[in-house]
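# pasting the structure only:
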């Protein structure tokens, strides 16, 4: 008999399992749960996109594509980025199609991080960032943000966190889990510091399509930032294509060819059928995206307003489909709140602390659910909170 | 007629789900309840919102299956009133659910609902085809409704997402 744990790498041993996973296990066994715990659209991928995939299969496109992805898809991504960011990314040399934005983040970090390099993460943050930095051999350095400041990164805090070892910062706007979206002026202030300290930025723009109040500004469109930014995006959230696992990175050709090396040895290429579907999404999917965005905005308004009425104070999130209300009124920890709410009222939310320390005292609620479900969930949450105040 | 963005949004929301209250709609589109009520009232007054109905899949209700038929009607238009006069004579019958003026092989498309095929046959032969201006009718019975007015019937709309995800 061998003892498997003797053989595991120390890096993997030191990784914490995702708090989301733990909560998923708890919720998965229960019947009749209203879930506000999902990090994905409640829309099914638009039919024309699914149809394009079916057609590609019928036509027999089942083999590998170029490592960097189908050139037709990279062309479409390039047009799209030109329209959104006003930057011309060369489809041949500056765009790489990946297996979801998750893999895009992984190759981006592995391409730039040397052992011991520090990468700054703004918390509350997507659960993968810190672990991906560790897996790349780097050291994640967290900056805490506060609910009072709507979880926006304060430039002074960024300055304080930078050391000689800092290599890069991961930005995510609109953010998962807070929904916070940074406007142009805020990004410009961050850009000044990035330039002053000669840092790189990994800009996770997966929620770019889902911005409700202000015009979306990509970090690469801030003066001088395109050359020092690796832009990460994908089809999951905006195009309702989570299960297709399709994302991309866009960056200066030297970064791109480094990432391509990692990608070609580990992934070969992204799934071919998903790439054909994505071409259709890019060519003919704009209307669907706008329709979904409008629907999320309406639900956000209704949901966030009602949370505040219940006493779960919540800033109005500028993007994504998450509300991140404070639960301080109940004197429960995030985990206690989420667990008791699930057991008593069968509403699944995600405890804020799984997104980092500054998420303690908050919960993440996804409003990507039907209006009926949202209203029922709100009724139950109200009952739950009233029992405790 | 031109409408504001908010008015169009109200129309879209109500077309999707007309059970929502003015209060709920107001929150969804950042207006006050009073403003929303007034807009809805105006849209109703102008007959932009014509009616509020439910899409019912009667096939699933025992004893209420009903029969629907689409009838292609060729008519002789009348001087001065064109097709409008005969159309209005047809749409006043209770059995008639919709009437459209069509281009192409026939003039009016008439949708009829009845308790049985024979009831529809009787209506067509006794009421519709005997009207003065009607030249001919072709009756098509609807066998199954898959999608109607944008609503897919028999749809599996189970949420296929896992309960908690990143």
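Sure thing, it's come through. Source: prediction; values computed, not measured.

# residue A:375: neighbour count?
16 (other Cβ atoms under 10 Å in any protein chain shown). Yep, even glycine has a C-beta here, placed from its N, CA and C like the rest.

# what does chain B have sitting close to chain A?
Contact residues, chain B versus chain A (Cβ under 8 Å from any Cβ of the partner chain): B:9, B:12-13, B:17, B:20, B:24, B:27-30, B:159-166.

# same for whichever strand or helix holds residue A:49, what does it pack against?
Assigned by DSSP states H and E, residue A:49 belongs to helix A:47-58. If you count contacts as 3 or more Cβ pairs under 8 Å, 6 or more residues apart in numbering or on different chains; DSSP states H and E, helix A:47-58 packs onto helix A:272-284.

# which stretches in chain B count as helices?
Here chain B has its helices, by DSSP state H, at B:5-16, B:22-28, B:33-45, B:84-91, B:117-122.

# from chain A, how far out is the nearest residue to residue B:48 once chain neighbours are set aside?
The shortest distance from residue B:48 to any non-neighbouring residue, by Cβ to Cβ, 6 or more residues apart in numbering or on different chains, is to residue B:11 (6.9 Å). Distance, residue B:11 to chain A, using Cβ to the nearest Cβ, to the nearest Å: 13 Å.

# how many neighbours does residue 114 have?
Just so you know, I chose chain A. Based on other Cβ under 10 Å, the number of other residues close to residue A:114 is 10.

# sorry, I should have been clearer: chain B.
Other residues lying near residue B:114 total 17 when counted by other Cβ under 10 Å.

# next to chain B, which bits of the stretch 51-200 of chain A? Give me the list.
Counting by Cβ under 8 Å from any Cβ, the residues of the stretch 51-200 of chain A near chain B are A:126-128, A:176.

# can you rerun that using 6 Å?
Within the stretch 51-200 of chain A, the positions near chain B by Cβ under 6 Å from any Cβ of the partner chain are residue A:127.

# okay, helices next: where are they in the stretch 51-200 of chain A?
Assigned by DSSP state H, counting those that start in this stretch, the helices in the stretch 51-200 of chain A fall at A:71-85, A:100-112, A:128-135, A:155-161, A:184-196.

# okay if I get those as TSV plus mean neighbour count and mean pLDDT?
Formatted as TSV, those follow (neighbours: other Cβ atoms under 10 Å in any protein chain shown; pLDDT from 0 to 100):
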stretch	mean neighbour count	mean pLDDT
helix A:71-85	18	98
helix A:100-112	24	98
helix A:128-135	21	97
helix A:155-161	14	97
helix A:184-196	16	98
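
# from residue B:33, how far off is the closest residue to residue A:197 other than its chain neighbours?
The shortest distance from residue A:197 to any non-neighbouring residue, by Cβ to Cβ, 6+ apart, is to residue A:162 (5.2 Å). Per Cβ to Cβ, to the nearest Å, residue A:162 is found 49 Å from residue B:33.

# who has more neighbours out of these two?
Taking neighbours as other Cβ under 10 Å, residue A:162 and residue B:33 compare with residue A:162 leading, 18 against 14.

# buried residues in stretch A:248-256?
A:248-252, A:255-256 (16 or more other Cβ atoms under 10 Å in any protein chain shown).

# what's the closest of these to residue A:382?
residue A:248 (41.9 Å; Cβ to Cβ).

# surely the closest one is in contact with residue A:99?
No: between residue A:248 and residue A:99 there is no contact under Cβ atoms under 6 Å: 10.3 Å.

# what's the first helix or strand after the one helix or strand in chain A whose mean pLDDT sits lowest?
Least confident helix or strand of chain A, by mean pLDDT, DSSP states H and E, is helix A:19-28 with a mean of 84. Remark: after helix A:19-28, the chain's next helix or strand is strand A:34-35, criterion DSSP H and E.

# how many other residues sit next to residue A:3?
7.

# mind listing the strands for chain B?
B:67-75, B:96-101, B:108-114, B:134-142, B:147-148, B:151-152 (DSSP state E).

# now the second one and strand B:108-114, what's the angle there?
Between the axis of strand B:96-101 and that of strand B:108-114 there is an angle of 170 degrees, by axes from the mean of the first three to the mean of the last three Cα atoms, to 10 degrees.
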